[in-house]
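Engineer: Okay, predicted coordinates and the sequence, questions at the end:
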Amino acid sequence: MGAGSPMQSVLVAAGVKDRKVLAFRRSVEGVPGLMRSIAASGVCSAFHVLDLGRIIDLHNRWLPGVRPYYAVKCNPEPALLGALAALGTGFDCASRVEIQAVVALGVHPSRIVYANPCKPEEHLKYASQVGVNLTTYDSVEEVAKVKRCHPSCELLLRIKGPENSHAKVDLGTKYGAHADEVVPLLRAAQRVGLAVAGVSFHVGSGGSRTDVYSGAIQAARAAFDAAAALGMPPMRVLDIGGGFVAGAAFDEAARVIRGAIEQRFGDLPRVEVIGEPGRYFAETAFTLAARVIGKRTRGDLREYWIDDGVYGSLNCIRMDDYVPRPKPLTVRCHGEKTFASTVFGPTCDSLDTVVTGYQLPEMSVGEWLVFDDMGAYTTGSGTNFNGFRTSDINTILAYSI
């Protein structure tokens, strides 16, 4: 991390330093007040505000003793990556493009985990070229591929955590070795001379249960013990994955994780514990303002069109179970009449519907709707459908004082 305060380090970070950064007082009008001044300056299309101060707050509240490796897939905004790099995080990359984005910021390859259990060969060869030497695996076939394409790479055995149907995205349906596959997979790496540096798991993204961490950490310790029984060199990394949600849910998860690590790994003090938070850092740091570009009145019903939708950054409605609660940017009178309203995105597809039957005050074309918590799986997974490009939605940098 650079000299000076965390904010000074962030403001001179790659991805931030060459861009205008606006200051605002969180205690006065907050992000909505800043957005009103931005809209009044003549901005005419949807935009995000990234609060860099929020990133620093979240970093300060992260799990003590667990090094965060930000999951780039959650939101690859360069300013976010640069800010996190300046704060000293590592990065969870899942493809060549993601590795390139992080390396381009000056991040040392040792701060990158190639956290994709099934990698294209050309991506794996690129990781070898730039010195990213730690990756995950959960199949015998992947062992052979790594040996062929990146023989100096160390491995993290990805195991399947306990069932977690409460998660927004249950990654266990796609990745993770079952308990009876752990020993064969360790032997497969041992046979070809690849080092297994540790174990990783992911209990699912955005889940409400915290007990699953106890079970996953217990299973990870069993894999550590299995490797020791096979005469393999001592493992040194425990990767507890991601899916964390900022707030009270995170505090409870942190309590469970600390207790489970102490119970299961307290006798292995040299094991480095890392995590792969994505939405924890990104979700609440971004706010979206979308402009009303069309309107139709049908009796007491109101229909509005805005210039972002489910094919743009609001794809999180379908992909990530985001529940939109739009608010007018313009300050309204208390008790103002509201109408059952439908809000559409800008494309011609009827599926491009943001909310239906949602109570809003009377809006006019040219006004703005604001959406909070718009940083997780939004712009990074948007499309160019119907000619409306997600990349055209500008991100404005700000910091709260």
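Structural biologist: Now that the structure is in, tell me what you want to look at.
Engineer: who's in contact with the residue nearest to residue 94 when sequence neighbours are not counted?
Structural biologist: Residue nearest to residue 94 in three dimensions, not counting chain neighbours: residue 116, with 4.1 Å by C-beta to C-beta, 6 or more residues apart in numbering. Just so you know, the C-beta spots here come from the backbone N, C-alpha and C atoms, and that holds for glycine as well. Counting by C-beta atoms under 8 Å, 6 or more residues apart in numbering, residue 116 touches 93, 94, 95, 135, 136.
Engineer: Am I right that residue 116 is in a helix?
Structural biologist: No - counting by DSSP: H, G, I helix; E, B strand; the rest coil, one finds residue 116 to be coil, located in no helix.
Engineer: tell me the phi and psi of it?
Structural biologist: Here is the backbone geometry of residue 116 (degrees, to the nearest 10): phi -140, psi 110.
Engineer: do the same with residue 61
Structural biologist: Main-chain torsions, residue 61, degrees, to the nearest 10: phi -100, psi 0.
Engineer: now do the one 5 residues further on
Structural biologist: Listed backbone geometry of residue 66 is phi -120, psi 120, with angles given as degrees, to the nearest 10.
Engineer: for it, which residues make a bridge with it?
Structural biologist: Note on residue 66: beta-bridge partners residue 273, judged by DSSP bridges.
Engineer: Determine which two of the contacts of residue 116 are furthest apart.
Structural biologist: The distance between the two most remote of the contacts of residue 116 (C-beta to C-beta) is 13.2 Å, for 95 and 136.
Engineer: Looking at those two, which is more packed in?
Structural biologist: Of the pair residue 95 and residue 136, residue 136 is the one with more neighbours under other C-beta atoms under 10 Å, namely 26 against 17.
Engineer: Quickly note the distance from the more buried one to residue 61.
Structural biologist: Taking C-beta to C-beta, to the nearest Å as the measure, residue 136 and residue 61 are separated by 27 Å.
Engineer: looking at it, residue 23 is touching residue 397, isn't it?
Structural biologist: No - the criterion here is C-beta atoms under 8 Å, and residue 23 misses it with residue 397 at 10.3 Å.
Engineer: Have a look at those two and say which one is more surrounded.
Structural biologist: For residue 23 versus residue 397, neighbours defined as other C-beta under 10 Å are more numerous around residue 397 (21 against 10).
Engineer: Tell me what that one is bridged to.
Structural biologist: For residue 397, the beta-bridge partners under DSSP bridges are residue 21, residue 50.
Engineer: tell me what the longest strand belonging to the chain is packed against?
Structural biologist: Counting residues, the longest strand in the chain under DSSP state E turns out to be strand 286-298. On a contact count with 3 or more C-beta pairs under 8 Å, 6 or more residues apart in numbering; DSSP states H and E, strand 286-298 meets helix 30-40, strand 47-51, strand 301-306, strand 368-371.
Engineer: try it again with 6 Å
Structural biologist: If you count contacts as 3 or more C-beta pairs under 6 Å, 6 or more residues apart in numbering; DSSP states H and E, strand 286-298 packs onto strand 47-51, strand 301-306, strand 368-371.
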